[in-house]
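# predicted structure and sequence below. I'll ask about it afterward.
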Amino acid sequence: MEEPHPLPEYGPIAPLEDNLNLFGDIANLKVLDIGCGSGHSLQYMNQRNAAELWGLDLSEKQVNAAKLLLENCGSPVQLFESPMEENPGLPHNYFDIVYSIYALGWTTDLNKTLSNINKYLKLGGIFIFSWEHPLHSRVSNKDGVLAFNKSYHEEGPYDHEVWGTPAIMQQFRISTYINALVNNGFMVEKVIEDVYCSEEDMQRHENR
Ligand SMILES: C[S@@+](CC[C@H](N)C(=O)[O-])C[C@H]1O[C@@H](n2cnc3c(N)ncnc32)[C@H](O)[C@@H]1O
């Protein structure tokens, strides 16, 4: 099963925040983590002196783990057990930064989720997210030849093999993400498709 890769990692085989510097100085900013998991990315925010740490996650187990991890962090923490498609009571026009590290592609309703996120942000606030590249689940390496096993254009749920147990994730094209962002009030500043592979990653993902 794939291990979580919280900030400063953006997920498996993704470049590091240390190299990308997308967040900049987050001291005294209010941040919200969508799909916060066990809270390690929020802990990273705390280490960089964010003013308030907010997060939501669908899983009770993950939210409890995050509560435990952040209980003595010294900053105000608000965690919600909720699907990202719904607002569990998060304030509007409040956050300087909303981010989501390797969680957005689980959403069952991309438009609803992005519309919510846009409302949580202050005017001029930023949203940063990472997700698996949509080609990753479509292409495999067979004896050095990269082959499409499914069309890039086919969107919707699929069972992701990397997780070891059945895990239904959503396939969206890059254009779907960009258009959904624009349609929900965002301006797209940067799209990064870089890959960072350690030796271990090269072995683990050798069929990709
Ligand atoms: C790979 S983990 C993300 C880890 C976390 N962002 C971090 O930086 O450590 C994906 C998380 O998304 C959550 N998740 C999946 N679908 C969700 C949904 N529809 N709404 C909210 N959270 C969801 C899962 O419970 C899981 O904790």
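The structure has been received and is ready for your questions.

# ok, residues contacting stretch 198-208?
Residues lying outside stretch 198-208 but in contact with it, judged by CB atoms under 8 Å, 6 or more residues apart in numbering, are P12, I13, H136, V139, S140, N141, K142, C197. The C-beta positions use only the backbone N, C-alpha and C, and glycine is treated the same way.

# what is the strand or helix carrying T176 packed up against?
Secondary-structure element containing T176, defined by DSSP states H and E: helix 174-183. Applying 3 or more CB pairs under 8 Å, 6 or more residues apart in numbering; DSSP states H and E, one finds that helix 174-183 makes contact with helix 110-120.

# spell out which parts of the chain neighbour the ligand.
4, 6, 35-38, 40-41, 57-59, 62, 83-84, 101-103, 106-107 (CB under 6 Å from any ligand atom).

# pull out the buried members of those residues.
Buried members of the residues of the chain next to the ligand, counted by 16 or more other CB atoms under 10 Å: 6, 35-38, 40-41, 57-58, 62, 83-84, 101-103, 106-107.

# can you pick out the ones from those residues that are in strands?
Among these, the members falling in strands are D57, I101 (criterion: DSSP state E).

# how about the strands in this structure?
In chain order, the chain shows strands spanning 30-34, 52-57, 77-81, 95-101, 121-130, 139-142, 145-148, 156-159, 168-171, with DSSP E as the criterion.

# okay, these in TSV with mean pLDDT next?
Written out in TSV, the entries for those read as follows (pLDDT from 0 to 100):
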stretch	mean pLDDT
strand 30-34	98
strand 52-57	98
strand 77-81	98
strand 95-101	98
strand 121-130	97
strand 139-142	88
strand 145-148	92
strand 156-159	87
strand 168-171	87
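
# against R204, how distant is the most far-flung residue of the chain relative to its centre?
Ranked by distance from the centre of the chain (CA atoms, centre = their mean), the top residue is D143, with 31.8 Å. Per CB to CB, to the nearest Å, D143 is found 18 Å from R204.

# the closest residue to N111 other than its chain neighbours and K112, how far apart?
Closest residue to N111 apart from its sequence neighbours, by CB to CB, 6 or more residues apart in numbering: A180 at 5.6 Å. The spacing between A180 and K112, counted by CB to CB, is 10 Å.

# what does A167 give?
21 Å.

# could you do H133 as well?
Here the criterion is CB to CB. By it, H133 lies 23 Å from K112.

# now L135
L135 sits 25 Å away from K112 when distances are taken as CB to CB.

# next: F148.
In this structure, F148 lies at 30 Å from K112, with CB to CB as the measure.

# which ones are touching the residue lying closest to Y177 once chain neighbours are set aside?
Leaving out its chain neighbours, the residue that sits closest to Y177 by CB to CB, 6+ apart is L110, at 7.5 Å. For L110, the residues meeting the contact criterion (CB under 8 Å, 6+ apart) are L104, Q170, F172, T176, Y177, A180.

# many thanks, have a good one.
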